[in-house]
Structure formats: structure tokens, C-alpha cells
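Undergrad: below are the sequence and a predicted model; questions follow.
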Amino acid sequence: MITLVLQVLLFVYPSFFVLYQIFLYELSKTNKSKSVNTYNSLPTLSIIVPTKGESIDVIQGLINNLNDLEWEKSRMEVIIVSDDDEGYFKRLKSELKVPKGLNVKLYRRREDERLGYKSGALLYGFKKSNGQLILTIDVDSRLDRDALVKAYNKLISSKCSAITFEWNGYSENKYSTLAKGLIASTLFASKALFSGKESVGLSVFPVGSGTLFKREVLEKLGGWDYRMIQDDLEIGSRMAYIGEEVCASNVPIYIEVPDNFYSFFVQQTRWALGTGEVLRNRLKYILKGKVSVFKKLDMLIHLFQYTPIITVFMSAIIVNILSLFIGGDILRSFLFLFWLVVLGTYGFLLYKLAIKLGFSPLQSLFGIGRLTAFTVAISPFITINFFKGLLKSKKTYIVTPKGKNKVSFNKKYRYTIVIIMFFGVFFLIGGIINILHSYYVTGLWLLYYSSAFIYTTLTFNREL
């Protein structure tokens, strides 16, 4: 019985999440909705940009990008909320060049005003804003010239209270293999979670960078909850509670993806922490929400997105230890073949998308492989952080370092690699022992799993 449970946890449970995303991705291809001009004049728009430790060049790049967008400048304001120290904030004010006609307001949250993290900065900016529409965007994100108008068209032609842009990854580091894998997987997930869901009438969650809100819905909710890390998931849960819909626009927003292991580690562990926290604090809002049962179920699946990684990691430890005592090929089952087919299908679709994005076959394969290995390797830390959020443990917020602002994997994080190396050796030994006992399926699976940890240990610093 215990072997069947382990097989289900290792093969069936993660396969369900992969199949669901594949299903939604394929549905996204049928979503041909187009926005139409249904307005006489544009409303006022406030663009809120939280920032901390970002380079002046990156912020300047965003300002220049926003200035080029199709929107009446007299009806647009850009609100930059800085959590930097006073000295750096003075540099921002003196060195940023604001184009003529663009209304840019710079605020710095003092220590006594600095409630929460990004959510708190968004709430602060919202209170300072005047726009009928609110756009949240990160400093490293960019929009096409007609993106705002297209998204607004879709917003007012739908019955939604907010609209999301479609995430398209980019990287300034053309040499990063990890970035190439992330660019493909980001677009795959974005199409599945936005266009795919909308094509079958499901709601989507807002995104932290690239959601256009109607002001009235934010006022109903009282803005963002500064106590929460994951601003998009938490406010999306509360929107479902009062029956407010979020739609997808199919309009791209270009998001800079991590191009090295450290940035990827910081981003994913913070997201896991924030997702666990949302589940703890917002589950009741979804269950009691004024949306259909199917929408509630889909939202729960979304919030459980990290659990396959966690389940596989914890089950792998049990398999590795248990195989030494009970004997037999624990993982030998047709479910193993089912898992291989599902994983192969997902990998093939991701590879096809990477090729479509312009990457060579080798770049596509190595990018997807590197991303997969790094994801498996950080599974112990994703597990810890998810449960930290779930159990109301002490939390910290670290901004994902990207572009010129990235930092080296310093001594503070060296213990991470030691832990990754330990699990690599742990699963490697288990795999070898199982193969020596002729338990080939269990042995090969453990060797496959260990390879991600070992590969990461040997290569983590090549893209710093």
C-alpha cells in the first residue's frame, strides 16, 4: 500500500498539474478574442512603480518607455514609490530625466511609513494616486506603444474589474542558458494561465507587474494588504470573494527574467513563501467567494502550484530510505511510464515554443534542462519557505536581483550549495544501491533526481 501511495505522489500528482497546464496552453491557441474601440475619451491613469535598490538607468528606461505609450499625457501620472535610503533617493530625484509633459511623482516611504514590502509600497502609491485606472508595473518591465490602449479596450468591452497583460520574458544577458529556458517557460505558463483560462470562462489572478485595475474595485477592497508578500495572489483572492472578475488581454508585457542561479533562487523561494502565506490567509475568501465552484477549484489549483515540487522532494527522501529496508523495486509501475509520457509531452511543447522564439535546438534543450535542474535543486528551500508562509513563521523579503543590479552568490548563501550537494550525494548513493540490487526503475529514477542536484552544484556559478 505504501509503495502505491509513493508512486501516486511521485508520478500522478505532479503529472496532473503538468497536464492541466498543457490543456490550458492548447486552449490558449483557440482564444482569438480581439479588443475593439468602444470609448470616446481615455480616462485618467495612475501607474504605480515600487522600487528598491534599482539602478537609475533601469528606472530611466521605464520612464522613457511609459512616455512613448499611446495615452494622453495630461491624463497620466507615474507614481514611483521608493524604499531606498535617503541618499540614494536624492540621487534619483536629481539624476532622473523626466520627459516634457509626463507627470512623474517620486515618493520615498520613511521608516515610520514603511509598512510591509511591495504590497505596502503599492498601497502607499494607491493612496497618493488620482487615476480612474491603476496600472501596477515593475521597473524592469516594458510595454509596446499601443499596449495600454489595447488593454483598456478589452477592459471596458468585458465585464471585468481588472485586466492582465501577457508575460513575455526577456534578458539583457544573451549568454544566459537559464534565461533562455525561463523565457520559453514564462510564455508557456502565461498563455496557459491567462488566455487558456479565459477561453473556458475561468478567472485569472492579477499579476504583480502588468495588471490594469478599475479604481473602484481597489477602493472596495481598501487597496493591497501590506502584511502580505504576494500582492497579486492576495488581492486576486479578495476580488473573487466579492465577485469581481479579472480577465486576460493577450497584450504582451516584457518582463526581465533571472539570468543566474542566485536570482532564480531568490525569486522562487520568495514566491513559494508568499503563496503559502496566501493559502493560510486567503483560502476562506476563495471558498466563500462569489464565483462558481469551477472557478474556485481552478484558483485552488493555482495556489497549490508549488506542491508538486514539494511532494516529489519529500516522497523521494522516503523512497530513498525505505528502499534500503523493505526491498523490491518500489517505483516499478505503469504509473512510471505515464509520468514519462506526460513529462516528455511537456518538454516537447516547451522545446517547440523555444524554437519558435528564435532559440537554436541546442539553446532550447540546454535552457530547458538547466531550468529543470535548478528547479529540482532548490526544492528543499521551496519546501521550507512554502511551509514558513503556511505556518506563519518569520518572513523576509528580498528583491530579485536582475540585470546590472544582480549580485554574486556571496558567502551568506554558500550553505545553500552545501545542502544541494548533500541531497545530490544522498540520492546518488540510493540510486546506485538500488541498481546493485537489480531494482532498476527505482534506481534509475533516483539517479535522474540526483543529477539535478549534482549538476547545480557543479554549474551554479557559471551565469553569475
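TA: Okay, I see it.
Undergrad: ok, the nearest residue to F366 once chain neighbours are set aside to Y455 distance?
TA: Spatial nearest neighbour of F366, chain neighbours left out: T177 (5.1 Å); criterion: C-beta to C-beta, 6 or more residues apart in numbering. (C-beta placed from N, C-alpha, C; glycine too.) Distance check for T177 against Y455: by C-beta to C-beta, to the nearest Å, it reads 12 Å.
Undergrad: so which elements touch the strand ranked longest in the chain?
TA: The residue-count maximum for a strand in the chain (DSSP state E) belongs to strand 246-256. The contact analysis (3 or more C-beta pairs under 8 Å, 6 or more residues apart in numbering; DSSP states H and E) places strand 246-256 against strand 142-143, helix 147-157, strand 162-170, helix 197-199.
Undergrad: kindly format the C-alpha coordinates of it as PDB.
TA: The C-alpha trace of strand 246-256 is given here as PDB (Å, rounded to 0.1, in the frame of the first residue of the first chain):
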ATOM      1  CA  VAL A 246     -10.100  39.500 -13.600                       C
ATOM      2  CA  CYS A 247      -9.600  39.000 -17.400                       C
ATOM      3  CA  ALA A 248      -6.700  38.400 -19.700                       C
ATOM      4  CA  SER A 249      -5.900  40.900 -22.500                       C
ATOM      5  CA  ASN A 250      -3.400  38.900 -24.700                       C
ATOM      6  CA  VAL A 251      -1.400  42.100 -24.800                       C
ATOM      7  CA  PRO A 252       2.300  41.500 -24.000                       C
ATOM      8  CA  ILE A 253       4.300  43.000 -21.200                       C
ATOM      9  CA  TYR A 254       8.000  42.300 -21.300                       C
ATOM     10  CA  ILE A 255       9.400  41.000 -18.000                       C
ATOM     11  CA  GLU A 256      13.100  40.600 -17.300                       C
END
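Undergrad: that one relative to helix 147-157, how many degrees between them?
TA: Here the directions of strand 246-256 and helix 147-157 differ by 170 degrees (axes from the mean of the first three to the mean of the last three C-alpha atoms, to 10 degrees).
Undergrad: tell me what angle strand 246-256 forms with strand 162-170.
TA: If you take the same axes, to 10 degrees, strand 246-256 sits at 30 degrees to strand 162-170.
Undergrad: sheet-wise, list the partners of strand 246-256 with their directions.
TA: strand 142-143 (antiparallel), strand 162-170 (parallel) (DSSP bridges).
Undergrad: what is the orientation angle of the helix or strand following it with strand 246-256?
TA: Going down the chain from strand 246-256, the next helix or strand is helix 261-287, by DSSP states H and E. Angle of helix 261-287 versus strand 246-256, following the same axes, to 10 degrees, is 170 degrees.
Undergrad: so which elements touch helix 261-287?
TA: Contacts defined by 3+ C-beta pairs under 8 Å, 6+ apart place helix 261-287 against helix 177-190, helix 231-241, helix 293-303, helix 361-377, helix 379-390.
Undergrad: measure the residue nearest the centre of the chain to I47 for me?
TA: Most central in the chain under C-alpha atoms, centre = their mean is W271, positioned 6.8 Å from the mean C-alpha point. Here W271 is placed at a distance of 23 Å from I47 (C-beta to C-beta).
Undergrad: what do you get for V342?
TA: Here V342 is placed at a distance of 41 Å from I47 (C-beta to C-beta).
Undergrad: could you do R462 as well?
TA: Separation of R462 from I47 (C-beta to C-beta): 37 Å.
Undergrad: more neighbours, the two?
TA: Neighbour count, other C-beta atoms under 10 Å: between R462 and I47, I47 has more, with 26 against 13.
Undergrad: given the helix or strand that one falls within, what are its sheet partners and their directions?
TA: In this structure, I47 sits in strand 45-51 according to DSSP H and E. Each strand that pairs with strand 45-51, with its direction, by DSSP bridges: strand 76-82 (parallel), strand 133-136 (parallel).
Undergrad: what are the phi and psi values at the spatially closest residue to F423 that is not a sequence neighbour?
TA: Distances taken as C-beta to C-beta, 6+ apart place F453 nearest to F423, at 4.9 Å, with adjacent residues excluded. According to degrees, to the nearest 10, the main-chain angles of F453 amount to phi -70, psi -40.
Undergrad: so who does F453 touch?
TA: For F453, the contacting residues are V376, A377, I420, M421, F423, G424, F427, by C-beta atoms under 8 Å, 6 or more residues apart in numbering.
Undergrad: could you double-check that S129 lies in contact with S46?
TA: Yes: here S129 reaches S46: they are 3.6 Å apart, a contact under C-beta atoms under 8 Å.
Undergrad: overlap in contacts, those two.
TA: Here S129 and S46 share the contacting residues E77, I79, scored by C-beta under 8 Å, 6+ apart.
Undergrad: chain neighbours aside, what residue packs nearest to K290?
TA: K290's closest residue in space is G243 (C-beta to C-beta, 6+ apart), at 3.2 Å.
Undergrad: let's verify the one you found: helix, strand, or coil?
TA: Assigned state for G243: coil (three-state reduction, DSSP: H, G, I helix; E, B strand; the rest coil).
Undergrad: ok, now which ones touch it?
TA: The contact partners of G243, by C-beta under 8 Å, 6+ apart, come to G289, K290, V291.
Undergrad: flag every buried residue along the strand or helix carrying V312.
TA: Assigned by DSSP H and E, V312 belongs to helix 307-326. Residues 307-313, 315-316, 319-320, 322-323 are the ones in helix 307-326 that count as buried (16 or more other C-beta atoms under 10 Å).
Undergrad: same check on stretch 428-440?
TA: L428, G430, G431, I433, N434, I435, Y439.
Undergrad: the third one is in contact with G443, isn't it?
TA: Yes: taking C-beta under 8 Å as the definition, G431 is a contact partner of G443 at 4.9 Å.
Undergrad: which residue, other than its chain neighbours, is closest to A248?
TA: Leaving out its chain neighbours, the residue that sits closest to A248 by C-beta to C-beta, 6+ apart is F194, at 3.6 Å.
Undergrad: and I183, how close does it get to I309?
TA: Taking C-beta to C-beta, one finds I183 at 21 Å from I309.
Undergrad: then L27?
TA: According to C-beta to C-beta, L27 and I309 sit 24 Å apart.
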